[in-house]
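Engineer: Sequence below, structure please.
(2 chains)
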Amino acid sequence: MGANSSLRDKFERGLAAPICLTWELTYACNLACTHCLSSSGRRDPKELNTDEAKALIDEIAAMQIFYINIGGGEPMIRRDFFEIIEHAVNQKVGVKFSTNGTRIDAEAAKRLAAIDYLDIQISIDGADAETCDKIRGEGSYAAARLAMDHLRDANFGEFKISVVMTRDSIEQLDEFEAIAKHYGAQLRLTRLRPSGRGVDVWDELHPTQEQNRRLYKWLMERPNVLTGDSFFHLSALGDPLDGLNLCGAGRVVCLIDPIGEVYACPFVIHDEFKAGNVRDAGFNAVWTESDLFTSLREPGNPGACGSCGSYDACRGGCMAAKFFTGLEMTDPDPECVFGHGETALAAKKLMLIPKPSPDHSKRVPVSINSK
Amino acid sequence: MSLSTSVIFDASAPWSLSSQVSLRDEAFGALAYHHGNRRLVFLKSRELVAILRSLENFNSVNEAIDAVVPNEHDRYVEAVGALVKSDIICGR
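Structural biologist: Residues are numbered from 1 along each chain as shown, chains lettered A, B, ... in the order given. Predicted coordinates:
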């Protein structure tokens, strides 16, 4: 895909429907990860009910969105979880869902293994309990490994192991690869964003320049490691990484949250990037007609990056990473590989950083065994 | 999930769009999604999409191409043939 810059130009003008649609089923979660993109914890009383969820899937099928990414919160906490995903796959809408694994016991693993068009991503944020639990909470690593054991024992097939790249986890790349190999699983690495609760930990946890350079090299040597296109800001280091290498927000990507709000991407749950609600005139109307998405599909202003020879490689980086670190859309990515982001950040140190809008965090710390 | 890399593409033979493939029209052409191997392929020309949709009405790929883009025959033979390895089209 790397050489397809003309196709990328077309994608930047938006597609008839998203390619990558993320749908957070619930804000409820039995973990309280420090970097949670959606500030999840407590269920929102206004969450879509089963009938509304099924109607949304019907519309997704009609729009020919071939697969959806389901997340949360912890999606398996919803009592109608299986009903919802089975409704999707029955209409040939493939499902990939992200889970912390705590609800995948032997029985659930068997049920999941029996469903076609289903991908599972189990999250760990360290290759050992100490590193992982520091972010995801005590017992989270053991629970995720147990879920992986159950999936393997149920012959689920190839699942995915998803890891957010922090300053600590990035030092364990080879160990993650070994864990994936152990299960015959696919490894998926994604970028730490300063979104949701991540805004509070980004400063201390986001990779250093040197770590990002090592990650780029490691990924270039391993095209089979999935990244969800999340490291395109690193493509300025040389040849492009595998993927579209563009910010797909509102163009090829969007997020539907548990109460039906549509945001430009999973990393910008904030009023400023809210395009509408599926409860009003349906999802298709938001995707095709909202003012926000229309404006995101107009040619962007390269701003400060316009004079950089690598603008075509990274396109100025991630909108969410800029927004939640207080940068302008025309500023460089805060993790710009040439250090321009750090310079821009230093200049804005005293500015007010936007806070994510809805916060469903639990008010007290929780242990993994609490229901 | 296995890909039929061993299948030889012969444009004088009849082919058709796989029954497992859905096409979604886009301004640049279409997305082709194979529900079996879960591959998403970008079709970067509306003419290519028209050819694929009509394949089953012709006795050969050559005829299907000539009905849409007679002046660009060779280019489109290549474009259609490239879809064999992802199982987007299959022989019939």
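
Engineer: give the contact list for the residue lying closest to residue A:46 once chain neighbours are set aside.
Structural biologist: Counting by CB to CB, 6 or more residues apart in numbering or on different chains, residue A:46 lies nearest to residue A:259, which is 4.4 Å off, once chain neighbours are set aside. C-beta here means a position set from N, CA and C on the backbone, and glycine is covered the same way. Residues in contact with residue A:259 (CB atoms under 8 Å, 6 or more residues apart in numbering or on different chains) are A:44, A:46, A:47, A:48, A:277.

Engineer: can you check residue A:29 too?
Structural biologist: Here residue A:29 is in contact with A:36, A:40, A:41, A:72, A:73, A:74, A:77, A:100 (CB under 8 Å, 6+ apart).

Engineer: so which of those residues would you say is closest to chain B?
Structural biologist: Closest approach to chain B among those (CB to the nearest CB): residue A:72, at 22.8 Å.

Engineer: Next, give phi and psi for the residue most central in space within chain A.
Structural biologist: In chain A, the centroid-proximal residue (CA atoms, centre = their mean) is residue A:266; its distance is 5.6 Å. Per-residue torsions, residue A:266: phi -70, psi -10 (degrees, to the nearest 10).

Engineer: Which parts of chain B are strands?
Structural biologist: Using DSSP state E, the strands of chain B run over B:15-17, B:21-26, B:29-34, B:40-43, B:89-91.

Engineer: hang on, I meant chain A
Structural biologist: A:20-24, A:67-71, A:94-99, A:118-123, A:160-165, A:186-191, A:253-256, A:261-263, A:274-277.

Engineer: Packing partners of the fifth one?
Structural biologist: Think strand A:160-165. strand A:118-123, helix A:173-183, strand A:186-191 (3 or more CB pairs under 8 Å, 6 or more residues apart in numbering or on different chains; DSSP states H and E).

Engineer: Counting neighbours, show which residues of stretch A:89-97 come out buried.
Structural biologist: A:89, A:92, A:93, A:94, A:95, A:96, A:97 (16 or more other CB atoms under 10 Å in any protein chain shown).

Engineer: Residue A:38: neighbour count?
Structural biologist: 29 (other CB atoms under 10 Å in any protein chain shown).

Engineer: Likewise for residue A:264?
Structural biologist: Neighbours around residue A:264, by other CB under 10 Å: 26.

Engineer: that older thread, which of the buried residues of stretch A:89-97 lies closest to chain B?
Structural biologist: Among the buried residues of stretch A:89-97, and counting by CB to the nearest CB, the member closest to chain B is residue A:92, at 5.7 Å.

Engineer: ok now do that closest one, which residues does it touch?
Structural biologist: By CB under 8 Å, 6+ apart, the neighbours of residue A:92 are A:61, A:66, A:117, B:22, B:35.

Engineer: Kindly recompute the last result at 10 Å.
Structural biologist: Neighbour list for residue A:92: A:61, A:64, A:66, A:67, A:116, A:117, B:20, B:22, B:33, B:35 [criterion: CB atoms under 10 Å, 6 or more residues apart in numbering or on different chains].

Engineer: Which one of these is nearest to residue B:70?
Structural biologist: Top of the list for closeness to residue B:70, among the contacts of residue A:92 and by CB to CB, is residue B:22 at 28.2 Å.

Engineer: Got a quick PyMOL command for the buried subset of the contacts of residue A:259?
Structural biologist: Buried subset of the contacts of residue A:259, written as a PyMOL selection, criterion 16+ other CB under 10 Å:
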select buried, chain A and resi 44+47+48+277
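
Engineer: Out of the contacts of residue A:259, list just those in helices.
Structural biologist: Secondary structure defined by DSSP state H assigns none of the contacts of residue A:259 to helices.

Engineer: would you turn the contacts of residue A:259 into JSON lines with distance to residue A:334?
Structural biologist: What follows is those, written out as JSON lines (distance: CB to CB, whole Å):
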{"residue": "A:44", "distance to residue A:334": "30"}
{"residue": "A:46", "distance to residue A:334": "33"}
{"residue": "A:47", "distance to residue A:334": "32"}
{"residue": "A:48", "distance to residue A:334": "34"}
{"residue": "A:277", "distance to residue A:334": "30"}
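
Engineer: Relative to chain B, which of the helices and strands packed on strand A:160-165 is closest?
Structural biologist: strand A:118-123 (8.2 Å).

Engineer: Sheet-wise, list the partners of that closest one with their directions.
Structural biologist: strand A:94-99 (parallel), strand A:160-165 (parallel) (DSSP bridges).
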